[in-house]
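*Asks:* Return a 3D structure for these sequence lines:
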Amino acid sequence: MKFDGKVALITGSSRGIGAETALKLAEEGADIVINYPFESEKDSAEEVVNKIIRTGRKAVMIEADVSVFQEAESLVKKAVEEFGRIDILVNNAGITRDNLLFRMKEEDWDAVINVNLKGVFNCTKAAAKYMLKQKSGKIINVSSVVGIMGNISQANYAASKAGVIGFTRSIAREFASRGITANAVAPGFIESDMTAVLSDKVKNEMLAAIPLQKFGSQRDVANLIAFLASPEADYINGQVINVDGGMVM
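*Replies:* A predicted model of the protein is given here:
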């Protein structure tokens with residue numbers, strides 16, 4: 001059990017990649033803190049918690065909007081009060097508000113930046129306080145290939161995910177001397193709620209751009225996150241690793 005005795009906090013983990021990551025880390029021995037943003041996600045979060053408990057690990061769920069620093073700080077504090085420590089932080093929470101730039105509303109720009117980028121800052125700053133005292137910790141931030149290559153109608157999303165990459169590399173330098181590593185994963189086209197709403201035309205265009213000629217699964221991303229959080233990745237720091245079937249080389 002790679003993560004026996006370890007505690008992992010995964011933001012935005014009531015569904016999708018976050019939920020799959022939580023289950024993967026639990027299967028490998030970690031106790032898990034499930035985070036969900038609003039009351040409407042409570043049932044989904046509870047389902048994930050129950051699945052984790054069935055693996056024999058402990059799990060709690062905490063409502064918090066990570067885009068608000070006080071709520072992110074409270075989230076981390078409650079996690080430490082529950083388990084006594086925090087070893088792994090996965091900044092996964094993210095949203096999209098797609099539109100062409102000239103049609104994009106200011107509030108849609110702000111919402112995406114606040115959740116996807118400021119949320120990473122908020123949770124990392126809150127968790128680092130405990131990790132620095134422990135002189136150990138793993139921080140894995142979920143970026144996107146869109147943050148590397150850009151995408152039409154996703155200027156806000158691309159900017160937020162590119163920001164996550166710069167942020168990851170900066171904190172990787174800052175925290176390394178205290179035994180804390182920070183890395184980012186950049187998923188490509190992963191089958192999820194976020195991609196399910198895309199038209200068949202868009203999906204076929206994306207598929208044609210993937211050398212492996214298939215879409216990724218949420219478990220593909222969770223497997224990489226679990227590796228980066230494990231002792232096997234102790235000497236990997238400040239990296240951005242794509243999970244995209246070769247779409248962006």
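*Asks:* what packs against the helix or strand containing Val221?
*Replies:* Assigning secondary structure by DSSP states H and E places Val221 in helix 218-229. The elements that helix 218-229 packs onto, with contact taken as 3 or more Cβ pairs under 8 Å, 6 or more residues apart in numbering; DSSP states H and E, are helix 16-27, strand 88-91, strand 137-142, strand 180-187, strand 240-243. Every C-beta, even on glycine, is put in place using the N, C-alpha and C of the backbone.
*Asks:* Sketch out the helices for the protein, chain order is fine.
*Replies:* For the chain, the helices defined by DSSP state H cover 16-27, 42-54, 69-83, 106-113, 119-134, 146-149, 155-175, 193-196, 200-208, 218-229.
*Asks:* Now do the contacts for Lys51.
*Replies:* The contact partners of Lys51, by Cβ atoms under 8 Å, 6 or more residues apart in numbering, come to Leu23.
*Asks:* Kindly report the same for Gly163.
*Replies:* So Gly163 contacts Ile113, Asn116, Leu117, Gly147 (Cβ under 8 Å, 6+ apart).
*Asks:* List the contacts of stretch 78-92.
*Replies:* Here stretch 78-92 makes contact (Cβ under 8 Å, 6+ apart) with 3, 6-13, 17-18, 21, 25, 30-31, 33, 58, 60, 62, 66, 76, 119-120, 123-124, 127, 130-131, 134, 136-142, 164, 225, 229.
*Asks:* So for this protein, the centremost residue is which one?
*Replies:* By Cα atoms, centre = their mean, the mean C-alpha position of the chain lies nearest to Asn92, the distance being 1.8 Å.
*Asks:* Can you tell me how far the residue nearest to that one when sequence neighbours are not counted is from Ile88?
*Replies:* Computed as Cβ to Cβ, 6 or more residues apart in numbering, the closest residue to Asn92 that is not its neighbour in sequence is Gly18, at 4.2 Å. Shown here: Gly18 relative to Ile88, a distance of 13 Å by Cβ to Cβ, to the nearest Å.
*Asks:* same question, Lys24
*Replies:* Going from Lys24 to Ile88 by Cβ to Cβ gives 11 Å.
*Asks:* Show me which of the two is the more surrounded one.
*Replies:* The neighbour count for Lys24 versus Ile88, taken as other Cβ atoms under 10 Å, is higher for Ile88 (26 against 23).
*Asks:* Tell me, what's the model's pLDDT at the more buried one?
*Replies:* Ile88 carries a pLDDT value of 98.
*Asks:* count of neighbours near the residue nearest to Asn92?
*Replies:* 28.
*Asks:* for it, what are its contacts?
*Replies:* Gly18 touches Ile10, Thr11, Gly12, Asn35, Val90, Asn92, Ala93, counting by Cβ under 8 Å, 6+ apart.
*Asks:* OK, contacts around the third one?
*Replies:* For Gly12, the contact set (Cβ under 8 Å, 6+ apart) comprises Gly18, Asn35, Tyr36, Pro37, Val66, Asn92, Ala93, Gly94.
*Asks:* now do the last one
*Replies:* Taking Cβ under 8 Å, 6+ apart as the contact definition, Ala93 lies against Thr11, Gly12, Gly18, Asn35, Pro37, Val66, Val115, Asn116, Gly119.
*Asks:* Looking at the residues you listed, which is nearest Val48?
*Replies:* Closest approach between those and Val48, by Cβ to Cβ: Gly18, at 8.5 Å.
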